[in-house]
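> Need the 3D shape of this:
(chains A, B, C and D, ligands or ions: 2)
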Amino acid sequence: MAITTPSTSTIDVESIRAHFPILHQEVDGKRLVYLDSGATSQKPLAVIEAEEEYYRTYNANVHRGVYKLSEEATAKYEAARVKVQRFINARSGKEVLFTANATAALNLVAYAWGRANVREGDVIVFTEMEHHSNIVPWQILAQATGARLEFIHVTDDGYLNEDDIARVLELRPKLVALTAVSNVLGTINPVKELTTRFHEVGTTVVIDASQAAPHMPIDVRDWDADFVAFTGHKMLAPTGIGVLYGKRAVLEATPPFLGGGDMIREVHLGNTRYADLPYKFEAGTPNISGAICLGVAVDYLTELGMDRVREHEKELVAYAMQQLSEVPDLKVYGPPAEDHGAALSFTLADIHPHDLAHILDRENIAVRAGHHCAQPLMEHYDIPATTRASFYIYNGHDDVDTLVSALGRAREIFQL
Amino acid sequence: MAITTPSTSTIDVESIRAHFPILHQEVDGKRLVYLDSGATSQKPLAVIEAEEEYYRTYNANVHRGVYKLSEEATAKYEAARVKVQRFINARSGKEVLFTANATAALNLVAYAWGRANVREGDVIVFTEMEHHSNIVPWQILAQATGARLEFIHVTDDGYLNEDDIARVLELRPKLVALTAVSNVLGTINPVKELTTRFHEVGTTVVIDASQAAPHMPIDVRDWDADFVAFTGHKMLAPTGIGVLYGKRAVLEATPPFLGGGDMIREVHLGNTRYADLPYKFEAGTPNISGAICLGVAVDYLTELGMDRVREHEKELVAYAMQQLSEVPDLKVYGPPAEDHGAALSFTLADIHPHDLAHILDRENIAVRAGHHCAQPLMEHYDIPATTRASFYIYNGHDDVDTLVSALGRAREIFQL
Amino acid sequence: MEDFYREYILDHYRNPRNRGTIEAPDITYEDSNPLCGDEIRIDLTVRDGVVDDVKFSGRGCAISQASVSMLTEMIEGMPVDEVKQITKEDVLEMLGIPLTPVRVKCALLGLKVLKGGVYGIDGAADDEDL
Amino acid sequence: MEDFYREYILDHYRNPRNRGTIEAPDITYEDSNPLCGDEIRIDLTVRDGVVDDVKFSGRGCAISQASVSMLTEMIEGMPVDEVKQITKEDVLEMLGIPLTPVRVKCALLGLKVLKGGVYGIDGAADDEDL
Ligand SMILES: Cc1ncc(COP(=O)(O)O)c(C=O)c1O
Ligand SMILES: Cc1ncc(COP(=O)(O)O)c(C=O)c1O
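Ligands and ions are numbered 1, 2, ... in the order given. As a prediction, the model looks like this:
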């Protein structure tokens, strides 16, 4: 296992922790060791306060109000869109659609683009390491249209199977759905390279960046994918807000998904003309405070520097892998640190992950146990579940050390 | 115009206002007169603080976590569902689905129930006083399935046209979509009676309760409608959270809508078994804080008493109608106060509503000007827009008085 | 407030210049402000590359109506090439009143329609590209 | 913590009683905990209204496995009518350890499957109705 241990971390974890009120709580004198950011991240004070400020001082519905509060809410909501646009390097704010979460974003593609473009016999491809949110929408789409599903399996060391990639490319799929980073194995997939190869055979490329956007620089122009989805609550923002990026030309050619207020230009009883991008895809009152707070979260991350976030987490995962390798009977899944995102899955002897997570919770360590919404991957490795420690900017070596010593305690309890 | 002026209001507006921080702001020494609760309500401190508490002390993803934070978040999220269930008198929490807003709720019905049940030639009915969110989903559904749209028009005094109702009943429609309360005319429709009549001819009934749930007691068991949608941000809760109530048997028989995490029981690469109600319809990470805060909002309203809320607003609308009737060249739309919800639309001479709203804003009065996402209704009355003052628990006679004197000022500016 | 609804604004609102339609226009274009529903149509005839006749129809607030009314006065007899050069700033200066972002949309609806017409359908129908 | 993972819990986890399947069961039912994916199947034969043989299969955490293992011991030789009377509380008491809400679901999965079986498919598959 390759280990890099720079003498100084590029991120000062202590000063970051000061921004996160939840981390200052203790239970029985034990500080919270939060290792479940892969499920949802904690929120910095800046975000919590931005939400409070919104409701205390300028809450109003957007876009249609002529009065001051509504103008301010609209301006801040649209400013958040521009922040996200810059964060992912999209060409225009019209390419940035606010949704409820990554799941809603992926379903938008499956319903709106999918129903308009996928026909019986077409091939839809996804990988064995996808999150359920990037599996089930395509299964539903295939059922509705008669399209055929094909899969890219994973290798035992957690990479995409190259033979499968070659095989499905020959099928010239209509669509491929691919996660940028696995939420279980941590695998960082070569999005740009795969997008190029799939584009060469005419395939529309959908990237699930839910585990990438919070943790590393992402550049949708460089990737060149047609759609990119991610979710705010995993990147310091509140729950209930997500993003779908779509290439402008693709979005223009896609019919709307949800119908309602704000996505229209003109409604008559019998027919309707739709609004321009991005509003065509934003029906109903948006999650205004959620979007504004996502903008604040993006500011926070940008100031920190996404390169530094990635460096920090790479170093931390390498350290964790090394420390965990010294725990007897412990097996880590996924690639080595240089190809590994912030999520680290493992199993420990015959201790069921639920029991392990329960024991760790007694030490005030929060990890996730289960299938991580990736049951096909569990089937691949023939395990019911894993325990997952997932890291973020507020985690440091001390968290890993606490985890490792608690794992020792679990071994004792289970008489190993 | 019938006027009732009880000597004492059942709600003490001053003590309510104390709970709403935003109302304490002044601009140029003028207090905020917020008359746009029909677009979105302001939020009491209890809701703002519940949101803050969530992110400061127990933020975690729900349902799958074994650790304390996640257990607490899950318990509070599910407790919110029970609060909403009681608020609308549903039989079970399984009948209460959290969505992003009312628009998402109505689209859920149109996609999931609609695609499974509506066939070419079937008749779908909605009324001329629907919000775009209860129009466009049915237009899209009709386009996708070849169903036929039929309409119930409104009378000039703002009621549903009885001849139209009789006519469409004979068509035995597959579905009727009806607002409980018009967001423009204020009309309170006889939901229970109409549901019974439509059920007699086998029609599935969808009620848009977005303007009812915040303002009057609603009892879905009494109504007996198949689906009821409403939206949190209009009833003291944050943006990004809404509710779809569905009768259990109807929901059980409806296929899922969005695919993803949390709505599954078992996922394999090629097929999936779905979760039980309500999770089958809640894909992805929900708006956890939004749902919890909706629960707090519902507590707040319940404590106030929805009967008293309705009494308060009925009295206030009656007072407003009477005062407005004394402004020359002013025309009020919709039925008299006893059949009138909290929204009051009017036009003033040849002053365009946008200009009027702009002038009122200079007095720190927030009203809405426009088509209110109800363009077919504007076509009916052959007007481009109206100005709408919409009231809530924090509004009193003083707000009406300030509005009326500002309208006088607008007349001067426009040299009337 | 008097700053805003100046005498000449109200005059153009109540007595719009060049209101109507042209039977056989060389250029016709219409568009609406999706957020308020205001809609404007402009018809033009062009002779020797110069705007010969211009008429507008549709409805809207005092700002959008006054703006389009004044705009039609401005372009009568103007070479089409020059019409293409008219900027947002030109229109806002012509109106001569302070505007908030929402009302700027009202003020520029007429220009948006005009540009849509002279550049050909879809040419500049986009806020951002105006 | 030792309170929780008591000796006998670990013993049932590592040495489950009645583990396996029955070739021609009178009753067979399986279900899973959708939130963690744990799945349990129970096979039963019934003679003269009494549980004659019982086996379980599937996988899960120590709590769910120990619980179902102990449950199968409990019902061997029990009249089916009595099996129908077993309550949540009986199972939790049998386990004899303090449980948080999430772990209660683990502990009751076996009972849920058993009830599903003896009441016939869908009989009591519902958490709320257990
Ligand atoms: C009657 C009615 N229905 C539906 C809606 C849509 O609500 P939302 O935008 O929150 O989805 C609204 C408010 O905008 C409304 O007034
Ligand atoms: C890789 C991946 N994709 C998609 C999702 C779904 O995100 P959400 O639940 O916010 O829609 C998640 C997280 O749960 C994830 O890890």
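
> Helices of chain C, start to end?
In chain C, the segments counted as helices under DSSP state H are C:7-14, C:62-75, C:80-85, C:88-95, C:101-118.

> same deal with the stretch 251-400 of chain A?
Counting by DSSP state H, counting those that start in this stretch, the stretch 251-400 of chain A has helices at residues A:288-304, A:306-324, A:353-362, A:375-381, A:397-413.

> Residue 30 - how many residues pack around it?
You didn't say which chain, so I picked chain A. Other residues within reach of A:Lys30, judged by other Cβ atoms under 10 Å in any protein chain shown, total 13. Heads up, the C-betas are built off the backbone N, CA and C, glycines and all.

> wait, I meant chain C there
So C:Glu30, with other Cβ under 10 Å, has 15 neighbours.

> What's opposite it in the beta bridge?
C:Arg41 (DSSP bridges).

> mind checking how far it is from C:Arg59?
12 Å (Cβ to Cβ, to the nearest Å).

> how about the nearest residue to the residue of chain C at minimum distance from chain A, chain neighbours excluded?
In chain C, the residue that lies nearest chain A is C:Pro34 (4.5 Å; Cβ to the nearest Cβ). Distances taken as Cβ to Cβ, 6 or more residues apart in numbering or on different chains place A:Arg265 nearest to C:Pro34, at 4.5 Å, with adjacent residues excluded.

> Check that neighbour and give its pLDDT.
For A:Arg265, the pLDDT comes out at 87.

> do the same with C:Met1
You'll see C:Met1 listed with a pLDDT of 54.

> okay, now the residue nearest to A:Ala320 when sequence neighbours are not counted: neighbour count?
Closest residue in space to A:Ala320, ignoring its immediate chain neighbours: A:Val400 at 4.6 Å, by Cβ to Cβ, 6+ apart. Other residues near A:Val400 come to 23 when the count uses other Cβ under 10 Å.

> measure A:Val400 to A:Leu330 for me?
A:Val400 sits 13 Å away from A:Leu330, going by Cβ to Cβ.

> Could you do A:Met216 as well?
Going from A:Met216 to A:Leu330 by Cβ to Cβ gives 26 Å.

> swap in A:Ile393?
25 Å.

> neighbour-wise, which of those two wins?
Comparing A:Ile393 with A:Leu330 by other Cβ under 10 Å, the one with more neighbours is A:Ile393, at 28 against 18.

> shouldn't that one be in contact with A:Ile11?
Yes - applying Cβ atoms under 8 Å, one finds A:Ile393 in contact with A:Ile11, separated by 6.0 Å.

> Spell out which residues are contacts of both of the two.
Listed as contacting both A:Ile393 and A:Ile11 by Cβ atoms under 8 Å, 6 or more residues apart in numbering or on different chains are A:304, A:309, A:312.

> Of these, which is the most crowded?
A:His312 (26 neighbours).

> Please look at that one and A:Ile16 and confirm they touch.
No - counting by Cβ under 8 Å, A:Ile16 is not a contact partner of A:His312; they are 9.3 Å apart.

> can you put the helices of chain C in a markdown table and add distance to B:Ile383, mean neighbour count and mean pLDDT?
Formatted as a markdown table, the helices of chain C follow (distance: least, Cβ to Cβ, whole Å; neighbours: other Cβ atoms under 10 Å in any protein chain shown; pLDDT from 0 to 100):
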| stretch | distance to B:Ile383 | mean neighbour count | mean pLDDT |
| --- | --- | --- | --- |
| helix C:7-14 | 16 | 16 | 95 |
| helix C:62-75 | 15 | 24 | 96 |
| helix C:80-85 | 33 | 14 | 95 |
| helix C:88-95 | 25 | 15 | 95 |
| helix C:101-118 | 17 | 23 | 92 |
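
> thinking again about what came up before, what's near enough to touch the residue nearest to A:Ala320?
If you count contacts by Cβ under 8 Å, 6+ apart, A:Val400 has them with A:316, A:319-320, A:323.

> Quick check on those residues: which are buried?
Among the contacts of A:Val400, the ones that count as buried by 16 or more other Cβ atoms under 10 Å in any protein chain shown are A:316, A:319-320, A:323.

> Can you add distance to A:Ala349 and give those back as a markdown table?
Output for the buried ones among the contacts of A:Val400, formatted as a markdown table (distance: Cβ to Cβ, whole Å):
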| residue | distance to A:Ala349 |
| --- | --- |
| A:Leu316 | 25 |
| A:Tyr319 | 23 |
| A:Ala320 | 19 |
| A:Gln323 | 17 |
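
> Check the residues you listed against ligand 1 and report the nearest one.
Nearest to ligand 1 among the buried ones among the contacts of A:Val400 is A:Leu316, at 41.1 Å by Cβ to the nearest ligand atom.

> Could you verify my assumption that the closest one touches A:Phe391?
Yes - the criterion here is Cβ under 8 Å, and A:Leu316 meets it with A:Phe391 at 5.3 Å.

> Name the residues contacting each of these two.
A:Ala342.

> centroid residue for chain A?
With distances taken as Cα atoms, centre = their mean, A:Ser210 lies nearest the centre of chain A, 1.3 Å away.

> That one - nearest residue in space that isn't next to it in sequence?
Leaving aside its chain neighbours, A:Ser210 sits nearest to A:Ala102 (4.5 Å; criterion: Cβ to Cβ, 6+ apart).

> which residues does the one you found contact?
If you count contacts by Cβ under 8 Å, 6+ apart, A:Ala102 has them with A:133, A:208, A:210, A:229-231, A:242, B:284.

> Show me which of those is closest to A:Asn117.
Distance to A:Asn117, by Cβ to Cβ, is smallest for A:Ala229 among the contacts of A:Ala102, at 17.1 Å.

> Parallel or antiparallel, list what pairs with the one helix or strand the closest one maps to.
Secondary structure assignment for A:Ala229, by DSSP states H and E: strand A:227-231. With DSSP bridges as the test, strand A:227-231 is paired with strand A:204-208 (parallel), strand A:242-246 (antiparallel).

> got the angle between it and helix A:288-304?
100 degrees (axes from the mean of the first three to the mean of the last three Cα atoms, to 10 degrees).

> Can you give the domain ranges for chain A?
As recorded under automatic domain parsing, the domains making up chain A are A:13-31+A:305-413, A:49-303.

> now for the ones you listed, which one comes closest to B:Gln85?
Taking Cβ to Cβ, domain A:49-303 is the member of the domains of chain A nearest to B:Gln85, at 20.5 Å.
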